[in-house]
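Colleague: Please find the sequence and the predicted model below.
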Amino acid sequence: MRGVWKSFSDVVVANTAVESTLFGTGVGSRRLREWFWDDFQVLRLLMHGTISTAAIAPTLTFNLKIGAQTVYSPVMAATIPGLGLSPFMLEIFVSSRAGGTDGSLIVSSNMQVGATPILNPPALAVLANPGEAAQIDLTAQWNNAAVLNRISQRNMFLEHY
C-alpha cells in the first residue's frame, strides 16, 4: 500500500443542491497514469468528517468519478432526519477486473454515520476509455438545499494497493 493523495484542508458542502467536489487542498496526485487499470490495481478512498441534516429526511448522493465518467454513486437515501452534528466515515474500494484492459471495475463502499451503518451494494462499472490518464474525484450532492444539510470532509486519503 502506498499513499497517493491526502487532504490537509476541510471541504464543506452545505445548504446547496449543487454537486460539489469533496477534494480540497492536498498533497500528492489524484491523476492516474495511462493504462493504470490493466495491472489489476486497487484504489481505496477513505474519508472522515461530520454530517448534519434538516428535519425533513434528505438524500445525499456521492459520485466517484474517473475523469469525466461517474463510475459509482453510493446514496445515503432517506438520511436520518434532524441529525445533529455527527461523525461519519466513508470508504470506497475500486479494483480492476480481467486485467482492466476492457475497462471493467468493481466498486464497493462502506459508510457509517455515528453508530448507524449505511449499506450500498457493490457495483460493476466499465470505463469508456480505460487507457486514458484520468483524475479521481469524489463529489457530494444533497437533493435539496437546507441550512442543516451539511457534510464536512475533515480528512481524506487516496491509497493505491
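Modeller: Perfect, I can see it now. Numbering: from 1, shown residues only.
Colleague: Spatially nearest residue to the residue nearest to the spatial centre of the chain, not counting backbone neighbours?
Modeller: Nearest to the geometric centre of the chain sits Leu138, at 4.2 Å (Cα atoms, centre = their mean). Distances taken as Cβ to Cβ, 6 or more residues apart in numbering place Leu22 nearest to Leu138, at 4.9 Å, with adjacent residues excluded. (C-beta placed from N, C-alpha, C; glycine too.)
Colleague: Then Asn143?
Modeller: Per Cβ to Cβ, 6+ apart, closest to Asn143 is Thr59, 4.2 Å.
Colleague: before we move on, back to that, what does the model give the residue nearest to Leu138 for pLDDT?
Modeller: Note on Leu22: pLDDT of 95.
Colleague: start at 16 instead
Modeller: Sure thing, new numbering starts at 16, so read that last one as Leu37.
Colleague: Help me confirm that Asp53 is found in a helix?
Modeller: Yes: counting by DSSP: H, G, I helix; E, B strand; the rest coil, Asp53 falls inside a helix.
Colleague: pLDDT score for it?
Modeller: For Asp53, the predicted pLDDT is 78.
Colleague: so how many other residues sit close to it?
Modeller: 16 (other Cβ atoms under 10 Å).
Colleague: before we move on, what about Met104?
Modeller: 15.
Colleague: likewise Ala32?
Modeller: 13.
Colleague: tell me the secondary structure for it?
Modeller: Strictly by three-state DSSP, Ala32 counts as coil.
Colleague: How about the secondary structure of the spatially closest residue to it that is not a sequence neighbour?
Modeller: Excluding its sequence neighbours, the residue lying closest to Ala32 (Cβ to Cβ, 6+ apart) is Ala160, at 4.9 Å. Three-state assignment for Ala160 (three-state DSSP): coil.
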